[in-house]
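>>> Okay, predicted coordinates and the sequence, questions at the end:
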Amino acid sequence: MVVDALRRAPAFSTLSDASLAQLQTAVEAQSLKPGALLFSEGDQAGAVYLLQMGSLQVFRRTRDGDDRVFGPRVWSRTSATTLTLA
């Protein structure tokens, strides 16, 4: 299932089965509840996140404390499940 999800991701779609199998060993599935925060601006990057199923809202807090939403308000499908590549 993880290999299939990786294969559907454009960044990994051209990898061989052997490469995908090797990459799978670094994958950790993570489920998030609605409204959960995945990461914040300024967090040290330690992983790559692939949205397997669900929706995400990407925003940045302005100096005035308001949230500015980027791009479409919601990306992808229903409740969020991510694959974390660490």
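Yep, it's here.
>>> Run through the helices of the protein in chain order.
Using DSSP state H, the helices found in the chain span residues 2-8, 17-24.
>>> could those go into TSV alongside mean neighbour count, mean pLDDT and distance to D67?
In this view, the C-beta of every residue, glycine as well, is placed from N, C-alpha and C. TSV is the format used below for those (neighbours: other C-beta atoms under 10 Å; pLDDT from 0 to 100; distance: least, C-beta to C-beta, whole Å):
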stretch	mean neighbour count	mean pLDDT	distance to D67
helix 2-8	15	85	29
helix 17-24	13	91	34
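>>> With respect to G35, which of the ones you listed lies nearest?
helix 2-8 (23.5 Å; C-beta to C-beta).
>>> For the closest one, give me every contacting residue.
12-13, 15, 17, 20-21, 23-24, 27, 29, 50, 52, 83 (C-beta atoms under 8 Å, 6 or more residues apart in numbering).
>>> How far off centre is that helix?
Remark: helix 2-8 is offset 13 Å from the chain centroid, using C-alpha atoms, centre = their mean, to the nearest Å.
>>> sorry, back to before: and the helices of the chain: which comes nearest R68?
When these are compared (using C-beta to C-beta), the closest one is helix 2-8, at 29.8 Å.
>>> before we move on, back to that, please render the helices of the chain as a markdown table that adds distance to Q44 to the earlier fields.
A markdown table is the format used below for the helices of the chain (distance: least, C-beta to C-beta, whole Å):
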| stretch | distance to Q44 |
| --- | --- |
| helix 2-8 | 24 |
| helix 17-24 | 22 |
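>>> The ones you listed: which one's closest to R61?
Closest among those, using C-beta to C-beta: helix 2-8, at 30.7 Å.
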